[in-house]
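Novice: my questions concern the predicted model and sequence given below.
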Amino acid sequence: MPELPVQELSGRPSGGLKAGAEVEVELTVNGRSRRARVEARKTLADTLREDLHLTGTHIGCEHGVCGACTVLVDGAAVRSCLMFAVQAAGTEVTTVEGLAPDAASLSPVQRAFREHHGLQCGFCTPGFVVSATAFLAENPRPTEEEIRAGLSGNLCRCTGYQGIVRAVRAAAGELAAASPDSNSHHGGGHDSNGKESA
Amino acid sequence: MTAESTTSLPGQLAGGAGAARWIGQRMPRREDPRLITGRGRYVDDYQEPGTLHATFVRSSVARGRITALDTSAALAAPGVVAVLTAAEVNSPDHQLWYNMTGPGRTPGRVLADGDVRYVGEPVALVVAENRYLAEDAAELVELEIDPLPPVIDMQEAVRTSERVHHELDSNIAAALPKMEIPGLAERFAGAAHVVTETFRQHRYLCVPMETRGIVAQWDPWTEQLDLVLSGQGVHEPRFFYARLLGIPEDSVRARMGDVGGSFGQKMFPMREEHAIVLAARAVGDRPVKWIEDRVENLVSGGHAREETLTVEVAVDGEGVLLAARAHHLENVGAYPVPGNGQNGATSAVIFPGPYRWDGPGSVAYSGEAIYTNTCGHCAYRGPWMMETVGREQMMDVVARQLGIDPLEIRRRNVISRDHLPFTTPTTLVYETVSPAETLEQAAELIGYEQFRRDQEAARAEGRLLGIGLSLYVEPQFGFGILGTEAATIRVEPSGKVNAYMSTGSHGQSVETTMAQIIADEMGVAISDIRIIQGDSQATPYGAGTGGSRTGPIAGGVAHEAAQAIRERVTAVAGRLLEASPADIEMTDSVATVKGDPDGPRVTLAEIAAAAYLNTDALGPDLEPGLEVSKRYKAPGLMFSNACHAVTVEVDRVTGQVKILRYVVSEDCGNMINPMIVEGQIAGGIAQAIGGVFYENMIYDADGNPLTTTFLDYLLPTAAEIPDFEYGHVVTPSNTPGGYKGLGEGGAIASPPALLNAVRDALAPLDITLTEQALSPDKILTLIESANGSR
Amino acid sequence: MKPAPFAYHAPPTVADAVSVLAEFGDEAKVLAGGQSLVPMLALRLARPAHLVDVNGVAELAGVRRENGHLIVGATTRHANLERDRAIGEAVPLLRLAAPHIGHSQIRSRGTLGGSLAHADAAAELPAVARALGAGFVVAGPSGERTIPADGFFQMVFTTALEPDELVTGVRFPVWGPGSGFAVEEIARRHGDFALAGAVCAVQASAGRIERVALAMFGMGSVPERLYALEKSLNGAAVDGLDLDDIGEQGVAALNPPSDVHATSHYRKKIGAVLVGRALSTAIKEAVSA
């Protein structure tokens, strides 16, 4: 491994990083500050799995279609196979391992997947659970069509999506019941600087 | 198999221990907590320090002579530990056959040697510190190939003198010859109608979400091989690699962790896995890992389904089936796995399906499996399914020609419970099937009559609505190596129950269903039971999970083993409670005496303590310890059955197809867990929807695969798959528990149901539909050709 | 499927980005959303020696109004095109196009500038840009220039951008009251690239089409602007239009590609239908606005 001075990448360097050189990246993962030493070309997916030993995020295609690698970056669902770890420096990443409130319980979405048989082999499941979590946060009262469209960025081969759609429907219902005042829908709107408005 | 364990009623335990509490319940899965929190352990999650990573250099030419292969630059690249070619890896002594099938005709080899025979064939292997560096080095391998004329089309393959395998005298991998059945010709000659059609099915693929993968580690001092694979079982790989390395089979430890689906693709380890094992031995000490990437999985991971079935049926004036001849062609690529890839031999016996036909000698079936310079064939969910795809479409074609409704023609031919036991023209004996009953249930659930009225009204408006049926009988194989499953159940000294099973679940929920059985049979708290699979050192020999056998065979052994251990438990409990073992009742791991539920009790933990730790209290006639091993031998063939009914609307402007409703009436006997049954059906249907409308593995005329990523090989998403509806008919089997297998059925029966629905929708246009891969373009072409506008 | 090695740059300003591009020319590729580029890197179909990550360039973000135009920063995510009120009100075609772009996970990262510079002829945003006659604000070593949409797209995946230039923003004209908009497409699956698509903007008053803009995607090697059809529709009554005929006219001169998903013939056939549908939807909105 070529030995070059290791740079901090918690902000963004203006200098270049030579091909093959490694850099230390600092990011928050599931609420904890983590560091990894990576080449610029190492994907966020590989870094999470190998350097941070969070193997719950899975790799299914490496070209941004199957969604098995979905994580949240600053709250937004992204395909971690299409981001480099260096791009995630300074961000807050949530993986499937970070969804449950504690080691003994499950998030509402996770519980719904279990209750409604939303998984069989489980390989696509972390990607779905993360995507569904982001989807419902953005769209808590989805129509049937919105649910299916919202899930179309993740592929499953075992379930025929039956239990997955039921799980998201149920989780939406549970979340809606828990917060009756919430009226945000995907038309809620944002300011142009990207931050969510009221 | 004891007399009591036959034809159990749902909800009753085979061992007569009373009502089932868990069996039959839609119980949430015990696998789920770890999988939904990302704590599953798939092969790529095994990340021992020091693991090396491999990548392959593959042929980009379908057929050709290797004129140059220089690995020196790759070997010098950063992080590279080894670069291996056929020179280092291959050996003429390699035994490259499987326990299940034995040696076949295909000349096998691990890496390409001197020539290449399909695009994607592995030629060299780079082992490096990580996959990134391995791929960098792989690009430095100099590989030159002089192309030869490739054989791609299977009709061409039969005619041409070019050989896919120069060692062989033809491109026929296997043949089921046409046989002259006495009297068959006369049946045709005397029939009111003879209808002939050829149905074509395109190449489509298993595509599990987890690609193939293996970690192999060779200990040069003990000469032991340790494997973790993404597979369907551990014993087949264990035997295979023992043979390959020339070491005793108990020198190989094979394990499976969680497996991300397979659908047949991972049933047998293939050439890449062989190369990794050999590389591990060459490297020594450090684990060598290979994770297939998605392009490899699509291009070279094993292909399926590219088959044609020519069907000739003779029917009487009422549409009653009198006789059939079928000829089945299969494109099995260059290196089919296993054996010679021929599904036709199985299809031949299954083909009569749910219909009565006209006695022995009324059905003749022949076929050929043909080599081409394409990726080799692998098993895919219901590999023999072309018989149903052809037969069920033929029913609709005949119905149309005779002016009979497709439901009605099936009613006139279908086997019902009244006909049992029924012997098919191919000598299969059905004892517990219910095709007629599922036909009626499906027709009722989908509202067949009402749909015909709706269709009439829609047609008047120019809209194209259609309904399709498919009836089938699904075999579960219990002969040869597939004939048994085993379980060792041990009550641990703590009172927890561990069941070591010969299964290799990769999504089939075995940890849940078997626990349901064992909990009920033993009267043990289900949370105290653990199902352990997938370790050749710990789990008994078995063929792994596949072939829809889990319900009847693994379920069968779970019942038998649990009954046996219950006897041991109640014997000890009886000693402790001073009661007859026959009077002991076990509920939630607590033993009480019949008639005295609030009286003296012992927990399973206390029973176990007596059995293991305080054995003096047992007395001379009670065996200490609480462990039993059972191996259940299943009947050679078992059958389940179902009827699929689907309604569609074809958009005549865009050619897109919308599925309106999809109904399945399934008879898989008693259901251990109906939720899991329905999940299995659903997965198969989704693969069929994918296969019929979206997925198509296309080669160009030079044998270059054109659909090599998920951008071009299209899997259906949640937006393309509707809700499915299920009805259940229950005809218990004759195996313990009364279960029948069903895992493959969705993928077998669904394609012809969908095709029949489209055929029915397009009926007013008088279109002949004999192909699949019904893209909107294809459908619009059919519509336009009918209009004469093209 | 791991990318080949590259040198990585993350310039904080446009000037820095341009100087890196100027230094390395066609050995450098700009990384914005990465949703199109990174798969190509993974497949090693693209192997730039230098990757210039512009996600940290603050000047490329944001949206502002100027002289009847909305200038949308190049790194504006597709998700913001979908949700941002200012964008949705000023340039409804962006709001209508965005939900068709892949899936939400793609839209979290994919950017306007990236999609336009990538210039996939089957993508929605290039067609929206052509329909509206947008101007591409481009920074280079010799300063800033604006390239009109008509001159921007040259060939499949090929634009008028020089290797040392960077799209900083896009100027979209804001249509006034009485306008209606539509994006219609047919794709194999939800979120796929369209087999064919049509974008339409219409302004109507007193029952007549005052102005109309039509562009198509998936129908050629660049997004196609249907100027001849627009000319024939200007001034036409909004009622009684023969949409089938209009659609046929719209695609008559086009030569769509054939690939594994659809033939040229199919694309042309549904393209005609989509033109009619887009026009009809846009007119409905225009007359009720």
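Specialist: Happy to help now that I have it.
Novice: per the record, what domains does the chain have?
Specialist: Using chain A. Here the domain parsing of chain A from automatic domain parsing is A:5-95, A:108-197.
Novice: should've been chain B
Specialist: Split by automatic domain parsing, chain B gives B:43-148+B:211-259+B:266-300, B:304-478+B:636-788, B:480-633.
Novice: endpoints of the first one, how far apart?
Specialist: Meaning domain B:43-148+B:211-259+B:266-300. Domain B:43-148+B:211-259+B:266-300 has an end-to-end distance of 19 Å (CA to CA, to the nearest Å).
Novice: indicate the residue of the stretch 151-300 of chain B located nearest to chain C.
Specialist: Going by CB to the nearest CB, chain C is nearest to B:Asp293 of the stretch 151-300 of chain B, at 4.5 Å. Every C-beta, even on glycine, is put in place using the N, C-alpha and C of the backbone.
Novice: what's the burial count for that residue?
Specialist: By other CB atoms under 10 Å in any protein chain shown, 24 other residues sit near B:Asp293.
Novice: how about it: what's its closest non-neighbour residue?
Specialist: The shortest distance from B:Asp293 to any non-neighbouring residue, by CB to CB, 6 or more residues apart in numbering or on different chains, is to C:Met1 (4.5 Å).
Novice: mind pulling up the pLDDT for the one you found?
Specialist: For C:Met1, the pLDDT comes out at 97.
Novice: I'd guessed it sits against C:Leu43; true?
Specialist: Yes. Between C:Met1 and C:Leu43 there is a contact under CB atoms under 8 Å: 6.2 Å.
Novice: ok, the two, which is more surrounded?
Specialist: The residue with more neighbours, out of C:Met1 and C:Leu43, is C:Met1; 21 against 18, by other CB under 10 Å.
Novice: residue contacts, that one?
Specialist: Listed by CB atoms under 8 Å, 6 or more residues apart in numbering or on different chains, the contact set of C:Met1 reads A:Glu62, A:His63, B:Glu135, B:Asp293, B:Arg294, B:Val295, C:Ala42, C:Leu43, C:Arg44.
Novice: hmm, the residue of the stretch 151-300 of chain B closest to chain C is touching A:Glu62, no?
Specialist: Yes. Shown here, B:Asp293 and A:Glu62 form a contact pair, counting by CB under 8 Å, at 6.1 Å.
Novice: beyond the lowest-mean-pLDDT helix or strand in chain A, next helix or strand please.
Specialist: Least confident helix or strand, chain A: strand A:8-9 with a mean of 46, by mean pLDDT, DSSP states H and E. For strand A:8-9, the following helix or strand on the C-terminal side (DSSP states H and E) is strand A:16-17.
Novice: ok, that following strand: who's next to it in the sheet?
Specialist: Here strand A:16-17 is paired, per DSSP bridges, with strand C:7-9 (antiparallel).
Novice: which residues touch the strand it pairs with?
Specialist: Against strand C:7-9 from outside (CB under 8 Å, 6+ apart): A:15-19, A:40-41, A:84, A:86, C:17, C:20, C:28, C:49-53.
Novice: go again with 6 Å.
Specialist: A:Gly16, A:Leu17, A:Lys18, A:Ala19, A:Ala40, C:Val20, C:His50, C:Leu51, C:Val52 (CB atoms under 6 Å, 6 or more residues apart in numbering or on different chains).
Novice: looking at the domains of chain A, which one has the lowest mean pLDDT?
Specialist: Among these, domain A:108-197 scores lowest, at a mean of 86.
Novice: and for the nearest residue to B:Tyr132 once chain neighbours are set aside, the neighbour number?
Specialist: Once flanking residues are discounted, B:Tyr132 sits nearest to C:Lys2: 4.4 Å by CB to CB, 6+ apart. Neighbours of C:Lys2 under the rule other CB under 10 Å: 23.
Novice: and if you look at B:Glu485?
Specialist: For B:Glu485, using other CB under 10 Å, the count is 29.
Novice: may I have the helix or strand harbouring it as PDB, with CA atoms only?
Specialist: According to DSSP H and E, B:Glu485 maps onto strand B:484-491. Taking C-alpha atoms only, strand B:484-491 is exported to PDB below (Å, rounded to 0.1, in the frame of the first residue of the first chain):
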ATOM      1  CA  THR B 484     -34.000 -38.700   3.100                       C
ATOM      2  CA  GLU B 485     -33.600 -35.900   5.500                       C
ATOM      3  CA  ALA B 486     -32.300 -36.200   9.000                       C
ATOM      4  CA  ALA B 487     -32.500 -34.500  12.400                       C
ATOM      5  CA  THR B 488     -30.600 -34.900  15.600                       C
ATOM      6  CA  ILE B 489     -32.500 -33.400  18.400                       C
ATOM      7  CA  ARG B 490     -30.800 -32.900  21.700                       C
ATOM      8  CA  VAL B 491     -32.200 -31.500  24.900                       C
END
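Novice: where does the stretch 601-750 of chain B get nearest to chain C, residue-wise?
Specialist: Taking CB to the nearest CB as the measure, the point where the stretch 601-750 of chain B comes nearest chain C is B:Ala719, at 3.6 Å.
Novice: OK, contacts around that residue?
Specialist: A:Arg148, A:Ala149, A:Ser152, C:His190.
Novice: tally up the residues packed near the closest residue to B:Arg417 other than its chain neighbours, please.
Specialist: In this structure, B:Arg417 finds its nearest non-sequential neighbour in B:Ser434, 5.5 Å apart by CB to CB, 6+ apart. Neighbours of B:Ser434 under the rule other CB under 10 Å: 27.
Novice: wait, B:Ser434 sits on B:Ile415?
Specialist: No. B:Ser434 is beyond contact range of B:Ile415, at 8.5 Å (criterion: CB atoms under 6 Å).
Novice: contact residues of the stretch 51-200 of chain C facing chain B?
Specialist: C:Ile186, C:Arg188, C:Arg189, C:His190 (CB under 6 Å from any CB of the partner chain).
Novice: got a list of what the third one touches?
Specialist: The one in question is C:Arg189. B:Leu714, B:Thr717, B:Glu720.
Novice: sorry, back to before: ok, the residue of the stretch 151-300 of chain B closest to chain C to B:Thr503 distance?
Specialist: From B:Asp293 over to B:Thr503 the distance is 28 Å, taken as CB to CB, to the nearest Å.
Novice: same question, C:Phe181
Specialist: 57 Å.
Novice: re earlier: among the contacts of C:Arg189, who's most crowded?
Specialist: Neighbour-wise, the contacts of C:Arg189 (other CB under 10 Å) top out at B:Thr717, 26 neighbours.
Novice: OK, contacts around that one?
Specialist: The contact partners of B:Thr717, by CB under 6 Å, 6+ apart, come to A:Ser152, C:Arg189.
Novice: switch to 8 Å and redo it
Specialist: Counted by CB under 8 Å, 6+ apart, B:Thr717 has contacts A:Arg148, A:Leu151, A:Ser152, A:Gly153, A:Asn154, A:Leu155, A:Tyr161, C:Arg189, C:His190, C:Gly191.
Novice: with B:Glu272 instead?
Specialist: Per CB under 8 Å, 6+ apart, neighbours of B:Glu272: B:Phe56, B:Pro122, B:Arg212, B:Ile214, B:Trp290, B:Glu292, B:Glu296.
Novice: before we move on, the earlier item: quick check on the residues of the stretch 51-200 of chain C next to chain B: which are buried?
Specialist: In terms of neighbour count (16 or more other CB atoms under 10 Å in any protein chain shown), the buried residues within those are C:Ile186, C:Arg188, C:His190.
Novice: count of residues packed around B:Pro92?
Specialist: 5.
Novice: what does C:Arg65 give?
Specialist: By the criterion of other CB under 10 Å, C:Arg65 has 11 neighbours.
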